[in-house]
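Peer 1: Could you look at this predicted model? Sequence included:
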Amino acid sequence: MAEWLEVIIRTLFAVVVLFFLTKLLGKRQVSQLSFFEYITGITVGSIAAYISLDTDKTWHLGLIALAVWVACSYGIEFLQIKSKKARDFIDFKSTVLIKDGKILEENMKKEKLSTDELLEELRKKDVFKVADVEFAIMESDGAINVLLTRENQPLTPKHLGIKVAPEQETQAVIMDGKIMDEPLDTLNLSRGWLNGELEKQGLTVENVFLGQVDSYGELTVDLYADSVQLQPPQDKPQLYALLKKCEADLELFSLSTKNQDAKQLYEDCSGKLQKLLQALKPFIQN
């Protein structure tokens, strides 16, 4: 066999082996790497290159070395899952860098982190003053997570006492101009419903690059034609406005009638509708 052809075959073989071994080791190997995973990644890559390019008759020994490294990595990951002490020893413990707005210099020296590097990491978190930080912690993978002081944290609906509707996963029901039946089934919706929603916007499935349905059954689309501007759906705001009009009409009826029983009935209905609107507001008002 020609040498160049042998290298091609070995390289393809190494790619296939690496793919399946990486799948075996899990997603962490392709996201934030721990200390040991970093070493494993470098070594496994070097061994794969040896398998591809070494043209003597001992290339198969690279497969043995590759299998040993992957077995060790798999065993250590299993040990880390079972033992907290093993996790701390292999991946290091998290280190507090800032506490109550004060930089802990000893911990900075321990992690060999300069002030400039710390400030850079804080700026990545949109934090520009150390005094605004309650805690800053360096995780075992080297990432720095920041907790702002309570007065510097962004406001949320909970802080304002506002109830909001629960969110669920948005489903992609159209991709590349084709209907995805499985997400529709997850939402208990049909193709007929989807086509009806598209007709309301004057669209067909073929016009849509991506179509998504949220947990409230609202369809939003991205078209192939980027220059076309779509109006946002108005169903929910219109429903809210209609209910508000009904409430105002009931109040008007209660003021205009002289019949005490009718007045009381209108006031009761208006009060119930007000409570209903307050409960529905997070769901139907955009």
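Peer 2: Ah, there it is. For clarity, every value in this text was computed on a predicted model and none was experimentally measured.
Peer 1: Okay, strands next: where are they in the stretch 51-200 of the chain?
Peer 2: For the stretch 51-200 of the chain, the strands defined by DSSP state E, counting those that start in this stretch occupy 95-99, 102-103, 133-138, 144-148, 171-175, 178-179.
Peer 1: Make a markdown table from those strands and add mean neighbour count to it.
Peer 2: Just so you know, the C-beta spots here come from the backbone N, C-alpha and C atoms, and that holds for glycine as well. What follows is the strands of the stretch 51-200 of the chain, written out as a markdown table (neighbours: other C-beta atoms under 10 Å):
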| stretch | mean neighbour count |
| --- | --- |
| strand 95-99 | 18 |
| strand 102-103 | 13 |
| strand 133-138 | 19 |
| strand 144-148 | 16 |
| strand 171-175 | 19 |
| strand 178-179 | 12 |
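Peer 1: Tell me how far residue 224 lies from residue 170.
Peer 2: 20 Å (C-beta to C-beta, to the nearest Å).
Peer 1: Kindly apply the preceding question to residue 259 instead.
Peer 2: Residue 259 sits at a distance of 50 Å from residue 170 (criterion: C-beta to C-beta).
Peer 1: Ok, residue 208 next?
Peer 2: Here residue 208 is placed at a distance of 15 Å from residue 170 (C-beta to C-beta).
Peer 1: Repeat that for residue 74.
Peer 2: According to C-beta to C-beta, residue 74 stands 35 Å off from residue 170.
Peer 1: Residue 212 is nearest to which of the strands of the stretch 51-200 of the chain?
Peer 2: Residue 212 lies closest, by C-beta to C-beta, to one member of the strands of the stretch 51-200 of the chain: strand 171-175, at 5.3 Å.
Peer 1: what packs against the closest one?
Peer 2: helix 181-186, strand 208-213 (3 or more C-beta pairs under 8 Å, 6 or more residues apart in numbering; DSSP states H and E).
Peer 1: What segments of the stretch 151-286 of the chain are helices?
Peer 2: Secondary structure of the stretch 151-286 of the chain (DSSP state H, counting those that start in this stretch): helices located at 181-186, 191-200, 235-256, 260-284.
Peer 1: what residues are up against the residue nearest the centre of the chain?
Peer 2: Closest residue to the average C-alpha location of the chain: residue 169 at 10.1 Å, with C-alpha atoms, centre = their mean. For residue 169, the residues meeting the contact criterion (C-beta atoms under 8 Å, 6 or more residues apart in numbering) are residue 215.
Peer 1: how about a cut-off of 10 Å?
Peer 2: For residue 169, the contacting residues are 183, 186, 187, 214, 215, taking C-beta atoms under 10 Å, 6 or more residues apart in numbering as the criterion.
Peer 1: quick one on the thing from earlier: residue 208 and residue 170: which is more packed in?
Peer 2: Here residue 208 and residue 170 are compared on neighbour count by other C-beta atoms under 10 Å; more neighbours surround residue 208, at 23 against 14.
Peer 1: Who is that one paired with across the strands?
Peer 2: In this structure, residue 208 has beta-bridge partners residue 223, where bridges are defined by DSSP bridges.
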